[in-house]
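Enquirer: Generate a structure from the sequence data that follows.
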Amino acid sequence: MNSTLSFIWKRLQSIWTIPDLRKKLLFTLGMLLVFRVLAHITVPLTHQEQVNLANLFASGKSKNLGQLLGLLDVFSGGSLQTFSFVALGVAPYITATIVMQLLRPILPALQNLSTQGEAGQQRFNQITRIITVPLAFLQALGQAAIFVRAGVLDANTFNLFGPNWLETLSILLSLTAGTMILIWLGELITDHGIGNGISLIIFAGIVSRLPQLIQQGLLASSSTGGNGGGVVSTLVFLSIGLLTILSIVFIYQGQRRVPVQYPTKRMVGRGVKFGPAQTTYIPMQVNSSGMIPLIFAQSLLIFPALLSQYLIGNNVKWLANIALWTGTYLANTTLWYYWFTYFVLVVVFTYFYAYIIWQQQNISENLQKQGAFIPGYRPGEPTHKYLNLILNRITL
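Expert: Take a look at the predicted model:
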């Protein structure tokens, strides 16, 4: 743990001493600041609808709408409280990414993109962004339906096929456009900043809620007559959070080093003489998937629950019942089978994403081309199977 703290401290010190790193950090912070500014720009609402929205969260009635609204509000960074046009966050893009990753092993056209290098990856990302647009529109429809049920939006006027269809369409298109803008900001951070832009936007949204949550905890303690209990609880919570972050960093840096030997060659007269093999290693991370499986699993649970909100009032009874069950139970964090489903999805996506990342690197094929080998294993398929075995073990 001491080595982890030392590593973090050295990295923090190097931020301002390396010009390129400082520039990237400032750019990243600037883009995240733009994101937080956008989170306070609301979609087109009438004055009465804005009053209804303010009353909904000020009175605490939002808690009666169930766990789904709470999950959406956390992952949108509190954007739901203002019904910001970035209230959807990047959830539609994550859903589109899941769809594309699942289709890649099935569709030959997507498999061919993997063999085309950087150009193929750019085309793959472009298709993902295109799929994001209809998914964002559908999620916007479900999110707006939640506010219709809450009384923020008028059920008589919010209708794509009614006389006020233009007002309805403007809200849905604003939410869709907000998602695409966040994707653009995320890609800018990835290209010119530090880290994965999409993950940082999600992180910034969640962290932005912490001051409000801490304040609510302190107010709740004072209202119940606690003598400093809220402060102690908050400090304990922050300490546990800090220790958790340090533990995650410590584990994330863990790696399995697989030894690799490269033959050395030198010219002797007109011939080539092979010398002693040069030994190095392949660093295989303990958690090569990172936070992606958690984000994927959460998005996969939220998407059908969100979409079901628009179908709850459907005239077809069986469809309305399915939508009601989905919206009530699929995103209810108080039920054990929600966490069981979430756990299973995280495990599945962890293996799935780790396998995809490893396959894209073509380690065994590259070793064979370079004449390198892992001691005890022949180049080619035996090496490939051995590396997959190690990947499965360290992922577990």
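
Enquirer: going forward, measure contacts and count neighbours with C-alpha atoms only.
Expert: Fine.

Enquirer: Give me the pLDDT for Asn314.
Expert: pLDDT, Asn314: 69.

Enquirer: ditto for Ile189
Expert: 92.

Enquirer: show me what contacts it?
Expert: Going by Cα atoms under 8 Å, 6 or more residues apart in numbering, Ile189 touches Phe27, Thr28, Met31, Gly195, Asn196, Gly197.

Enquirer: From Gln126, how far out is the first one?
Expert: Taking Cα to Cα, to the nearest Å as the measure, Phe27 falls 24 Å from Gln126.

Enquirer: So between these two, which is more surrounded?
Expert: Phe27 (17 against 12; other Cα atoms under 10 Å).

Enquirer: who touches the helix or strand that one falls within?
Expert: Using DSSP states H and E, Phe27 sits within helix 19-38. Residues from elsewhere that reach helix 19-38, judged by Cα under 8 Å, 6+ apart: 15-16, 84-86, 182, 185, 189, 192-194, 201, 204-205.

Enquirer: Just name the closest of the residues you listed to Glu49, please.
Expert: Within these, proximity to Glu49 (Cα to Cα) peaks at Ser84, which comes in at 13.1 Å.

Enquirer: Tell me if I'm right that that closest one and Gln50 touch.
Expert: No - the criterion here is Cα atoms under 8 Å, and Ser84 misses it with Gln50 at 11.3 Å.

Enquirer: Report the buried residues of stretch 352-361.
Expert: Tyr353, Ala354, Tyr355, Trp358 (16 or more other Cα atoms under 10 Å).

Enquirer: for stretch 324-333, same thing?
Expert: Applying 16+ other Cα under 10 Å to stretch 324-333 flags Leu324, Thr326, Gly327, Thr328, Tyr329, Leu330, Ala331, Asn332, Thr333 as buried.

Enquirer: got it, and stretch 375-384?
Expert: Result for stretch 375-384 [16+ other Cα under 10 Å]: buried residues Pro379, Gly380, Thr383, His384.

Enquirer: got CSV for the residues you listed, with distance to Glu118 and pLDDT too?
Expert: Output for the buried residues of stretch 375-384, formatted as CSV (distance: Cα to Cα, whole Å; pLDDT from 0 to 100):
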residue, distance to Glu118, pLDDT
Pro379, 26, 74
Gly380, 24, 75
Thr383, 26, 77
His384, 23, 76
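
Enquirer: Which one of the residues you listed is nearest to Ile130?
Expert: Of those, the one sitting nearest to Ile130 (Cα to Cα) turns out to be His384, at 34.4 Å.

Enquirer: Show me the helices in the stretch 251-396 of the chain, by range?
Expert: Secondary structure of the stretch 251-396 of the chain (DSSP state H, counting those that start in this stretch): helices at 292-307, 317-329, 336-361, 363-369, 381-395.

Enquirer: So what touches the first one?
Expert: Contacts with helix 292-307, where a contact means Cα under 8 Å, 6+ apart, come from 68, 91, 94-95, 98, 138-139, 141-143, 323, 326-328, 330-331, 342, 345-347, 349-350, 353.

Enquirer: Repeat that for the last one.
Expert: Contacts made with helix 381-395 from outside it, assessed by Cα under 8 Å, 6+ apart, are listed as 256, 284-288, 350-351, 354-355, 363-364, 373-374, 377.

Enquirer: Turn the buried residues of stretch 375-384 into TSV, columns for distance to Leu173.
Expert: As requested, the buried residues of stretch 375-384 are exported to TSV (distance: Cα to Cα, whole Å):
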residue	distance to Leu173
Pro379	53
Gly380	51
Thr383	51
His384	47
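
Enquirer: And these, which is closest to Leu113?
Expert: His384 (21.5 Å).

Enquirer: how close does Tyr310 get to Thr326?
Expert: 12 Å.

Enquirer: State the mean pLDDT of stretch 322-330.
Expert: Averaging pLDDT along stretch 322-330 gives 74.

Enquirer: got it, and stretch 293-301?
Expert: Stretch 293-301 comes out at a mean pLDDT of 80.

Enquirer: Go through that stretch and flag the buried ones.
Expert: So stretch 293-301, judged by 16+ other Cα under 10 Å, has buried residues Pro293, Leu294, Ile295, Phe296, Ala297, Gln298, Ser299, Leu300, Leu301.

Enquirer: Would you indicate which residues of the helix holding Phe27 are buried?
Expert: Those would be Arg22, Lys24, Leu25, Phe27, Thr28, Leu29, Met31, Leu32, Phe35, Arg36, Leu38, for helix 19-38 by 16+ other Cα under 10 Å.

Enquirer: can I get these in JSON lines with pLDDT and distance to Leu72?
Expert: JSON lines is the format used below for the buried residues of helix 19-38 (pLDDT from 0 to 100; distance: Cα to Cα, whole Å):
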{"residue": "Arg22", "pLDDT": "82", "distance to Leu72": "33"}
{"residue": "Lys24", "pLDDT": "87", "distance to Leu72": "30"}
{"residue": "Leu25", "pLDDT": "87", "distance to Leu72": "28"}
{"residue": "Phe27", "pLDDT": "90", "distance to Leu72": "27"}
{"residue": "Thr28", "pLDDT": "90", "distance to Leu72": "24"}
{"residue": "Leu29", "pLDDT": "91", "distance to Leu72": "24"}
{"residue": "Met31", "pLDDT": "91", "distance to Leu72": "22"}
{"residue": "Leu32", "pLDDT": "90", "distance to Leu72": "19"}
{"residue": "Phe35", "pLDDT": "90", "distance to Leu72": "17"}
{"residue": "Arg36", "pLDDT": "88", "distance to Leu72": "16"}
{"residue": "Leu38", "pLDDT": "89", "distance to Leu72": "17"}
